[in-house]
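K.L.:
Can you look at this prediction? I've put the sequence above it.
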Amino acid sequence: MSTHPQSQRRLHAKGFYDEFPRKGGTASRATHYCAGCGHGLLHKLIAEAMHDFGLQDRAILISPVGCAVFGYYYFDCGNVQAAHGRAPAVGAALARCLPEAVVLSYQGDGDLGSIGLNQTLQAANRGERMAVFFVNNAVYGMTGGQMAPTTLAGQKTVTTPNGRDVETTGHPLHLCELINTLPAPVYIERCLLTTPANIQKARRAVRKAMEIQRDRRGYAFVEFLSPCPTNLHLSPLDAAKFVDEEMAREFPPGCLRDRTAEVAARPAPPPLEPLTPADIEAVLDKCVAVPAPPGLDPDFGTIRIKMAGFGGQGVLSYGMMVAGAGLADGRHVSWFPSYGPEQRGGTANCSAVISGSAIGSPVLSHLQVLVAFNQPALDRFARDVEADGLILYDSCLAEKPTTTTARALGVPASRLAIEAGLPKAANTAMLAALACSGACRVASERFSDMLAQTFAGKPALIAANRRVFAAATEWCQANLRPE
Ligand SMILES: Cc1ncc(C[n+]2csc(CCOP(=O)(O)OP(=O)(O)O)c2C)c(N)n1
């Protein structure tokens, strides 16, 4: 990569944060998008326009659920994350409560055209004051390439392996055309994120929508036909060709409506009066305190456990088994997954709580136990383990941590799983280690019983996992000092 200042500027439009810390370390300018994906390009066009029009302090970008879920890591403006498909309601609330705000709704085709379609049409029909940037990549990207409302007839996706059959799944939905049936929108355009010439047109459309918001003229909707090489299983160039040729045939690009000149720019009304402490107290007075349910065994206390590793290592099912073992032992439990939207190289972690009383929150900041399936997991979470806590780590994939006083026990889980004939079952070896450690105060058989439950659909795997569990138990009994 060139270090010439000009190229740095081109890589990093103003309007973005200086660093993207999510990936950490040297990759702090890397986004989570796949090579050739249209999202990164559109991010750049939006960030640039937001900065050029001086709108960063007024802009509030609503990130969707979908590949663009991490918008708030990149855009240096106000950021809100909405539930799947709910950006139109969130945007309407922002626009109405914050008269100065420039509301930017960023949504994919699943978010906007499936789960959120009703809200999309209602907000457009009301002419809410917002710009909608709609990324149509013809699939659900983040979840692995399922059929979207915009999937082309005959297009193969994970859920239409023989090609989309319009007889049973309907026709590709034309969102711009649908919205163009409504009287309120000011501006509707469809662009392509492919060739330089098309990207220039997309850039102009982004700027137009942004100007409409700057001047408070009303609702603007811009659709971007966007390549998704990963889920189309095409190279970036071929994915762009698919957009230019196949998608553009179904969804003709162009401006469907521009009433900017007919709609007057509107001055901002005065902001709403903020709530006073007396107003808040009046509301609180009406709330009834809910008594806590009786605890089963308050003396048992609460054990907070985090497991973390790469996607594909079975981290989330490990957490399920831990919580399941606690439940089978008559405890209150919670299980709370957290995983990235990356199609490649994502991380996964989850939290489990095992408690003698009702659990207030499944979100953990302090841990009694960490189970780390790789080095990044140790690097990230070891510091959250209490001084007298326990860290179990796969010693084939991570080094003993040096920055914590918590007890750290290395278990060669990957090797034990390979030796027991099931290389993918390192998580089962780590489950045996957790059972042996006694840290969860749950009977060891409860953990091994969970294997039968987890693999009930694949009986051959039950016996194989039990072998791994037994081998790892033997190793732990011989090598891990009892507490
Ligand atoms: C309420 C709810 N339903 C379903 C999901 C699973 N889900 C996550 S992203 C997604 C679809 C995303 O597709 P799209 O909006 O086209 O965005 P892309 O990832 O392609 O950018 C789905 C169905 C969810 N997270 N929440």
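P.N.:
That came through, no problem. Numbers count the residues shown, from 1 in each chain.
K.L.:
ends of stretch 405-423, how far apart?
P.N.:
Counting by C-alpha to C-alpha, to the nearest Å, you get 32 Å between the two ends of stretch 405-423.
K.L.:
actually stretch 366-380, not the one I typed
P.N.:
With C-alpha to C-alpha as the measure, what separates the two termini of stretch 366-380 is 13 Å.
K.L.:
With stretch 111-127 instead?
P.N.:
Start to finish, the residues bounding stretch 111-127 are 19 Å apart (C-alpha to C-alpha).
K.L.:
Contacts for that stretch next, please.
P.N.:
Where contact means C-beta atoms under 8 Å, 6 or more residues apart in numbering, the residues beyond stretch 111-127 that reach it are 64-66, 84-89, 91-92, 107, 130, 132, 134, 136, 148-150, 173, 175, 178-179, 182, 184-186, 218-219, 221. To be clear about C-beta, it is placed using only N, CA and C from the backbone, and glycine gets the same treatment.
K.L.:
when you scan it, is anything in it near the ligand?
P.N.:
Yes. When contact is scored as C-beta under 6 Å from any ligand atom, part of stretch 111-127 falls within range of the ligand: 111, 115.
K.L.:
Could you number the chain from 4 rather than 1 from now on?
P.N.:
Renumbered: residue one is now 4, and that last one reads stretch 114-130.
K.L.:
buried set for that stretch?
P.N.:
In terms of neighbour count (16 or more other C-beta atoms under 10 Å), stretch 114-130 has its buried residues at 114-120, 122-124, 126-127, 130.
K.L.:
just the residues you listed now: which is nearest the ligand?
P.N.:
Within those, the smallest distance to the ligand is 3.5 Å, found for residue 114 (C-beta to the nearest ligand atom).
K.L.:
In contact with whichever residue of the chain sits closest to the ligand, which residues?
P.N.:
With C-beta to the nearest ligand atom as the measure, residue 111 is the residue of the chain nearest to the ligand, at 2.4 Å. Counting by C-beta under 8 Å, 6+ apart, residue 111 touches 67, 69-71, 137-140, 143-145, 151.
K.L.:
try 10 Å
P.N.:
If you count contacts by C-beta atoms under 10 Å, 6 or more residues apart in numbering, residue 111 has them with 42, 67-72, 87-88, 117, 119, 137-140, 142-145, 151, 153, 229, 231.
K.L.:
leaving aside the residues next to it on the chain, what's closest to residue 430?
P.N.:
Once flanking residues are discounted, residue 430 sits nearest to residue 317: 3.7 Å by C-beta to C-beta, 6 or more residues apart in numbering.
K.L.:
Residues contacting the helix or strand that contains residue 82, please?
P.N.:
With the criterion set as DSSP states H and E, the secondary-structure element containing residue 82 is strand 81-84. Strand 81-84 has contacts (C-beta under 10 Å, 6+ apart) with 59-68, 72-76, 90, 93-94, 96-97, 101, 104-108.
K.L.:
Would you mind giving me the ChimeraX syntax to select the buried ones in the residues you listed?
P.N.:
A single ChimeraX command is used to select the members of the contacts of strand 81-84 judged buried by 16+ other C-beta under 10 Å:
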select :59,61,62,63,64,65,66,67,68,72,73,74,75,76,90,93,94,97,101,104,105,106,107,108
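K.L.:
Narrow the contacts of strand 81-84 to those in strands?
P.N.:
62-66, 105-108 (DSSP state E).
K.L.:
can you list those in a markdown table and add pLDDT and distance to the ligand?
P.N.:
A markdown table is the format used below for the ones in strands among the contacts of strand 81-84 (pLDDT from 0 to 100; distance: C-beta to the nearest ligand atom, whole Å):
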| residue | pLDDT | distance to the ligand |
| --- | --- | --- |
| 62 | 98 | 21 |
| 63 | 98 | 20 |
| 64 | 98 | 15 |
| 65 | 98 | 13 |
| 66 | 97 | 11 |
| 105 | 97 | 23 |
| 106 | 98 | 19 |
| 107 | 98 | 16 |
| 108 | 98 | 12 |
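K.L.:
Residue 209: what's it in contact with?
P.N.:
Contacts for residue 209 (C-beta under 10 Å, 6+ apart) come out as 45, 47-53, 107, 134, 136, 192, 194, 223, 225, 227.
K.L.:
By neighbours, which of the residues you listed wins?
P.N.:
Each of the contacts of residue 209 was scored by neighbours using other C-beta atoms under 10 Å; the highest score is residue 107's, at 31 neighbours.
K.L.:
Quick check: next helix or strand after the one helix or strand residue 421 maps to?
P.N.:
According to DSSP H and E, residue 421 maps onto helix 416-422. Once the chain leaves helix 416-422, the next helix or strand it forms, by DSSP H and E, is helix 429-440.
K.L.:
Over that following helix, what's the mean pLDDT, rounded is fine.
P.N.:
Across helix 429-440, the average pLDDT comes to 96.
K.L.:
what separates that helix from the chain centre, distance-wise?
P.N.:
Here helix 429-440 is found 29 Å from its chain centre; the criterion is C-alpha atoms, centre = their mean, to the nearest Å.
K.L.:
can I get the CA coordinates of it in CSV?
P.N.:
These are the backbone C-alpha positions of helix 429-440, laid out as CSV (Å, rounded to 0.1, in the frame of the first residue of the first chain):
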residue,chain,number,x,y,z
ALA,A,429,-11.6,-29.5,20.4
ASN,A,430,-14.6,-27.8,22.0
THR,A,431,-15.7,-31.1,23.5
ALA,A,432,-12.2,-31.5,25.0
MET,A,433,-12.5,-28.1,26.5
LEU,A,434,-15.9,-29.0,27.9
ALA,A,435,-14.3,-31.9,29.7
ALA,A,436,-11.6,-29.6,31.0
LEU,A,437,-14.3,-27.2,32.4
ALA,A,438,-16.1,-30.1,34.0
CYS,A,439,-12.9,-31.4,35.6
SER,A,440,-12.0,-28.0,36.9
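K.L.:
That one - contacts with which helices or strands?
P.N.:
The contact analysis (3 or more C-beta pairs under 10 Å, 6 or more residues apart in numbering; DSSP states H and E) places helix 429-440 against strand 305-313, helix 318-331, strand 370-375, strand 388-397, strand 410-414, helix 416-422, helix 447-457, helix 462-482.
K.L.:
any idea which of the ones you listed is most buried?
P.N.:
The densest packing among the helices and strands packed on helix 429-440, expressed as mean neighbour count by mean count of other C-beta atoms under 10 Å, is seen in strand 370-375 with a mean of 26.
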